[in-house]
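Engineer: Sequence and predicted structure, then a few things I'm wondering about:
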Number of protein chains: 2
Amino acid sequence: MEQYKRKIYLEDKPRSEAREEILATFDLIPEIDYLSAAEALGRVTAEPIFARVSMPHYHASAMDGIAVVAENTYKAHEQNPLFLKIGREFCFVDTGNAIPSPFNAVIMIEHVHVVDEETIEIIEPATPWQHIRPIGEDIVQEEMLFPQGHTLRPADLGVLLAAQQLVIPVVKKPVVMIIPTGNELVEANAELSSGKIIEFNGMVFSGFIKDWGGEPKLHSIVKDEPEKIKEVLLAAAETSDIIVINAGSSAGRKDFTVHIIGEIGEVYTHGVAARPGKPTVLGKINGKIVVGVPGYPVSAYLALEWFVRPLVCKYLGIPEPERQTVTVKLGRRIVSSMGAEDFVRMNIGYVDGQFVANPLTRAAGVTMSYVRADGLLIVPPSVIGYEQGDSAEVELLRPLEEIKNAIVFCGSHDLTIDLLSSELKRARTEMKIVSSHIGSMAGIMAIRKGEAHVAGIHLLDPSTKQYNVSYVRKILAGQDVVLYPFLKRKQGWILPKGNPLEIAGVTDLVRTNTNFVNRQKGAGTRILFDLLLKEAGLDADAITGYDREMFSHLAVAAEVNGDACGAGLGIYPAAKAMGLDFVPVADEEYDLVMTRSFYESESGSQLMGIIQSTAFREQVEKIGGYQVVENPVLKSLFEEVK
Amino acid sequence: MEQYKRKIYLEDKPRSEAREEILATFDLIPEIDYLSAAEALGRVTAEPIFARVSMPHYHASAMDGIAVVAENTYKAHEQNPLFLKIGREFCFVDTGNAIPSPFNAVIMIEHVHVVDEETIEIIEPATPWQHIRPIGEDIVQEEMLFPQGHTLRPADLGVLLAAQQLVIPVVKKPVVMIIPTGNELVEANAELSSGKIIEFNGMVFSGFIKDWGGEPKLHSIVKDEPEKIKEVLLAAAETSDIIVINAGSSAGRKDFTVHIIGEIGEVYTHGVAARPGKPTVLGKINGKIVVGVPGYPVSAYLALEWFVRPLVCKYLGIPEPERQTVTVKLGRRIVSSMGAEDFVRMNIGYVDGQFVANPLTRAAGVTMSYVRADGLLIVPPSVIGYEQGDSAEVELLRPLEEIKNAIVFCGSHDLTIDLLSSELKRARTEMKIVSSHIGSMAGIMAIRKGEAHVAGIHLLDPSTKQYNVSYVRKILAGQDVVLYPFLKRKQGWILPKGNPLEIAGVTDLVRTNTNFVNRQKGAGTRILFDLLLKEAGLDADAITGYDREMFSHLAVAAEVNGDACGAGLGIYPAAKAMGLDFVPVADEEYDLVMTRSFYESESGSQLMGIIQSTAFREQVEKIGGYQVVENPVLKSLFEEVK
């Protein structure tokens, strides 16, 4: 192992250059699968495909009616009705029937008067070939139906059958071998212990590769042993078309990938000028491209898309799909580094006829930031960022209609919002809730800036001891908003099981030097904690961990759960979910603030309808520590807010 | 059978009304499948899904470096280096490693000076919790990962594994039974005889339903026997969630569907105000919705999308996908009927930075019009049409980038254009050729109106006996175009095998009263035929079939192939493809006219490169009757065209 020295610095090669390099050297001749039409759905034609027969393959009636010899009807007129005898002079035909010789025209049944079983009367002449579908009207024998490189869609299969092409040559799906490496990795069903990480990137890669038209093969987890990795890579080069190795692509002491590829093959790139995703390795072993993707999930998914998708598409002979884009207004300032592209995951809300986007966390290890993202803002290397309020183009990760149908819910985190979201789905509405936990104060600000539909808030005014009203009055003065009483809920101390340090109040935290877990600035719970400190005459400095900020009640509970000397302030169900102790501190009012226009909209009244439904209320109250306000009266915001 | 009277008139119910009616009555409770994460890709969650464990589930290092107790490093400074001993005072950690107690901060390896195997030196303090990923930074135990009704994407599978959710409740795919009916239908591998039609709609329906997330079941072909159809419908109501019956939905004498549904169930709708697709039946049998779709393929596909897709989506609990739209300039006038929606299949070209669209045939029986369409223009019931040059919104049937990369090829039909199209694909360019056969004159007009990139023309000037130049000079006067010599090809009489009527010239057609098959107005071949008539001193009236117009050489050959007394004028390979006789008439020049800007563009020069490639030339010449002009010199257009 000692042969591989730590190499601290990576290249900063432009992504497009790295991409072109491997595309140019990726020159496998695609293999061909011969499939039935049914099996060929979604596959790419490997050769041009020609019609074996015409459709129709005979002169076919285009109408229900009678077949006649047109020339024999020329004298028919209202004043000179023409009587025709069945058999020699006409025959009945339905749509699709063959036109028997010598007939050469069809008269619609609506224009025929049936006199008796053998005789009909017409009062209008027919023109030759009228209402007859000529041979090959749809498909002509020997015509090219599809060129090479065409992705077969449902209607295309019909054409193949109709033209009697029953064995379809399609490009084989390129086999992409996915090799997860790392001593820390365990299978998803393993018992978890400290330092062990579930291997899940392989499953995600497989899904992407399937979606792109490749055939993923997921290798079992390989230990960080250079000889073993070498062996697996060499075997993969024999049995697959493209190789993906995850991870070991960075420059740490266990990052062997680049050294091994260099030893048994060629390295083209080690490090690209893009964030996240920089520590990517691109190389070739025995004619097969190897992509070494970083370990952090978001970096890995991006690197896969940048470098593996174009290879799959090139093999298949199809253009790389482009994502739909949308122009958004940026709700926050976005800072980027010069010289590298930045891929920022964004939440997008459609509020008051405008798309507003805010960045999610940029930590490459936070998978949920990719899962929750509505789009990707790609900041070019030459741009150092954007100001709040700037317009920018965002690539969509979800269909636009889903974004348009989303109720943007922000402010304070509460577990019932998830329930509400599920109830909306159960009610089969097209709406869904997209929530971001930014705290009560930031929630009010988002309403003010037109970035959200609803904000959940619980802000205690120390002077009036009243919840929420004074804050809304002050911050949203002059805006037409409503304050909807939603929940009463219990806030209290979240404590390790059994409350070993016997915490009952804020002074106990100081007495026992507990590791306190705080909430972020502007969160209602933090404002409550500050009020408790103030009432006890204590300084923030006196609290160990005052600066440790979490973004949700559950996150606080999870931290306390990991630390026998921990404590946090939060809602009862968060403590309950983790099996922790809970000491109540306050009964607080968690209200919803929204613009009057949303409140009165169809979406708004559907949402309020679900909040007031028995099903939702019962579910919330089953959690414990909650009470939904029944038939609430909007809180009065007086004169200050019109 | 006589119990079912022909009912000539159908309703004209608005499509949205018909849709809402069946959606309101479609109230099946979706069943649930429990799948592994790998199997759940693309499926829809049936319940909200919560995390079973946190990720990370321990305090993890976010960097390669050393773990320390932050409070013990506060004195470190450049002037006061701090030396720490391994074990008690620090330990090495890699990214992802657990932070052992009592350490509470990580210092990046880049900021550490290793003194010896047991000692390191630092010159900067650490702050508590720096470079440590807190428990649940990504996923917090008990957090809701996905609400009900979420379609699982590749990255979502990773989150499921990471949160140890290994059995995923997803909505069962609704089973859609597809019942093809009709005495005229045969399986695709059958021997074809006159009046027999290959059943292919079932395969197309299956493909659509798969794409929409349903599970298609394709029934074998059912004869037009009311008792048999009744039996099959009743059985389908037991074994499926939605039933599709094709066809018999219209009002002809064999259209039993509506009567049968009325007898054993309920009929909601018979006829919708939309073209094509009007003769649709909507009903319910024993609690299952039945959709009777028309027999003509394009009508059928549209009706399926209008009425079956919303049912599948409602069952799955997902919004119906919307197609991307694009604004186009209309190249032709479009007439529509008042009171009904019109669904017009459109070709879209991207020429000179503008999307230009032209309607394809509106015959509901022409499957290829749907297959070839780039988009659908939906004309509302209140609109009677659009003028040429109007802007309109078109729903895309292909990805926009495919349309943008298409070379719009129009004008005269030639078989080598298909070869060119395939060679472009083989060369792995992103471009493709979209061709429409509108004839030489219309081709020149399309160039003039900026609707096409290239037009293939072969127009003989009777006065100069020269091909193409005079036409381009006249019609494109003042436009900067080039005329590129492409092919020399043989035109001649296309005749039944053995030439039984001994046709050798235009006078023989008159002598033998042959059924002539003509080309459409403006086609070069028709202009040649008219010239032959004129030279022989004959009138068009003298020719039987002069008015029968086909749109391609192959279509002419297919007609002749079906008629022992037939004859047509066309190119050699068309005759050869059908095994017909060919008597040469002229060696003509088939040239390409294009704007100079396209000719000089990258796409243009790639196209010319392929035309001049040996591979292409050899393929063309192998067909017979062709010669590719090698290293051509652009034809001189003199002063008239600058």
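Structural biologist: Arrived safely, thanks for sending.
Engineer: any weak-confidence spans in the stretch 501-642 of chain A?
Structural biologist: Counting by pLDDT under 70, the ranges of the stretch 501-642 of chain A that qualify are A:638-642.
Engineer: who in it is up against chain B?
Structural biologist: For the stretch 501-642 of chain A, the residues in contact with chain B (C-beta under 8 Å from any C-beta of the partner chain) are A:545, A:547-548, A:550, A:552, A:554-555, A:557-559, A:561-562, A:574, A:577-578. Every C-beta, even on glycine, is put in place using the N, C-alpha and C of the backbone.
Engineer: switch the cut-off to 6 Å
Structural biologist: The interface of the stretch 501-642 of chain A toward chain B, taken as C-beta under 6 Å from any C-beta of the partner chain, is made up of A:548, A:554-555, A:558-559, A:562, A:577.
Engineer: how near is residue A:81 to residue A:515?
Structural biologist: Taken as C-beta to C-beta, to the nearest Å, the spacing of residue A:81 relative to residue A:515 amounts to 103 Å.
Engineer: quick one: residue A:632 and residue A:485 touch, right?
Structural biologist: Yes - Residue A:632 is in contact with residue A:485 according to C-beta atoms under 6 Å; the separation is 4.0 Å.
Engineer: neighbour count winner among those two?
Structural biologist: A side-by-side neighbour count of residue A:632 and residue A:485, using other C-beta atoms under 10 Å in any protein chain shown, places residue A:485 first with 19 against 16.
Engineer: got the contact list for the more buried one?
Structural biologist: Residue A:485 makes contacts with A:591, A:629, A:632, as judged by C-beta atoms under 6 Å, 6 or more residues apart in numbering or on different chains.
Engineer: Secondary structure class of the last one, three-state.
Structural biologist: The three-state assignment at residue A:632 reads coil, by DSSP: H, G, I helix; E, B strand; the rest coil.
Engineer: For chain B, what's the nearest residue on the stretch 201-350 of chain A?
Structural biologist: Nearest residue of the stretch 201-350 of chain A to chain B: residue A:207, at 2.9 Å (C-beta to the nearest C-beta).
Engineer: surely that residue meets residue B:156?
Structural biologist: No - under the criterion of C-beta under 6 Å, residue A:207 is not in contact with residue B:156, lying 8.4 Å apart.
Engineer: Neighbour count for residue A:81 and residue A:515, which is higher?
Structural biologist: Counted by other C-beta under 10 Å, residue A:81 and residue A:515 do not tie: residue A:515 has more neighbours, with 21 against 13.
Engineer: just checking, the more buried one touches residue A:547?
Structural biologist: No - applying C-beta under 6 Å as the test, residue A:515 and residue A:547 come out as separate, 11.7 Å apart.
Engineer: Any buried residues in the longest helix anywhere in chain A, and which?
Structural biologist: Assignment by DSSP state H gives helix A:226-239 as the longest helix of chain A. Within helix A:226-239, the residues scored as buried using 16 or more other C-beta atoms under 10 Å in any protein chain shown are A:226, A:229-230, A:232-233, A:236-237.
Engineer: okay, now the domains of chain A?
Structural biologist: Under the assignment automatic domain parsing, the domains of chain A span A:15-28+A:173-316, A:32-55+A:137-171, A:60-133, A:325-404, A:473-628.
Engineer: what about the first one, average pLDDT?
Structural biologist: Averaged across domain A:15-28+A:173-316, pLDDT comes to 94.
Engineer: circling back to that earlier point, export the residues of the stretch 501-642 of chain A next to chain B to CSV and tack on secondary structure?
Structural biologist: CSV is the format used below for those (three-state DSSP):
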residue, secondary structure
A:548, coil
A:554, helix
A:555, helix
A:558, helix
A:559, helix
A:562, coil
A:577, helix
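Engineer: Of the residues you listed, select the buried ones using a ChimeraX command.
Structural biologist: Selection of buried members from these for ChimeraX, criterion 16+ other C-beta under 10 Å:
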select /A:548,554,555,558,559,562,577
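Engineer: now the helices for the stretch 151-300 of chain A?
Structural biologist: When assigned using DSSP state H, counting those that start in this stretch, the helices of the stretch 151-300 of chain A occupy the ranges A:154-162, A:201-212, A:226-239, A:257-264, A:297-303.
Engineer: deepest of the ones you listed, which one?
Structural biologist: Per residue and on average, the most neighbours among the helices of the stretch 151-300 of chain A fall to helix A:297-303, with a mean of 27 (mean count of other C-beta atoms under 10 Å in any protein chain shown).
Engineer: Off-centre distance for it?
Structural biologist: Centroid separation between helix A:297-303 and its chain, computed with C-alpha atoms, centre = their mean, to the nearest Å, is 15 Å.
Engineer: buried set for the helix or strand following it?
Structural biologist: Past helix A:297-303, further along toward the C-terminus, the next helix or strand under DSSP states H and E is helix A:309-316. Going by neighbour count (16+ other C-beta under 10 Å), the buried part of helix A:309-316 is A:309-316.
Engineer: got the angle between helix A:309-316 and helix A:201-212?
Structural biologist: 40 degrees (axes from the mean of the first three to the mean of the last three C-alpha atoms, to 10 degrees).
Engineer: Nearest residue to the residue in the stretch 51-200 of chain A positioned nearest to chain B in space, ignoring adjacent ones along the chain?
Structural biologist: For the stretch 51-200 of chain A, the residue closest to chain B is residue A:154, as judged by C-beta to the nearest C-beta, at 2.8 Å. Taking C-beta to C-beta, 6 or more residues apart in numbering or on different chains as the measure, residue A:154 lies nearest to residue B:207, with 2.8 Å between them; neighbours along the chain are not counted.
Engineer: Other residues contacting the helix or strand residue A:590 falls within?
Structural biologist: Element membership of residue A:590, judged by DSSP H and E, is strand A:581-595. Contact partners of strand A:581-595, identified using C-beta under 6 Å, 6+ apart, comprise A:414, A:447, A:454-458, A:467-468, A:472, A:481, A:483-493, A:495, A:499, A:504, A:572, A:575.
Engineer: buried residues in the helix or strand that that strand is followed by?
Structural biologist: For strand A:581-595, the following helix or strand on the C-terminal side (DSSP H and E) is helix A:596-600. Residues A:598-599 are the ones in helix A:596-600 that count as buried (16+ other C-beta under 10 Å).
Engineer: So what touches helix A:596-600?
Structural biologist: For helix A:596-600, the surrounding residues in contact (C-beta under 6 Å, 6+ apart) are A:453, A:480, A:482, A:604.
Engineer: Show me the helices in the stretch 401-550 of chain A, by range?
Structural biologist: Taking DSSP H, counting those that start in this stretch as the criterion, the stretch 401-550 of chain A contains helices spanning A:416-426, A:440-448, A:469-475, A:506-512, A:524-535.
Engineer: in the stretch 301-450 of chain A, which spans are strands?
Structural biologist: When secondary structure is read from DSSP state E, counting those that start in this stretch, the stretch 301-450 of chain A shows strands at A:325-330, A:334-335, A:341-351, A:354-359, A:375-379, A:385-386, A:391-396, A:406-411, A:432-435.
Engineer: So residue A:569 sits against residue A:531, correct?
Structural biologist: No - look at residue A:569 against residue A:531 with C-beta under 6 Å: they stay out of range, at 10.7 Å.
Engineer: what about residue A:603, which SS state?
Structural biologist: Secondary structure assignment for residue A:603 (three-state DSSP): helix.
Engineer: Give me the spatial nearest neighbour of it, chain neighbours excluded.
Structural biologist: residue A:431 (5.7 Å).
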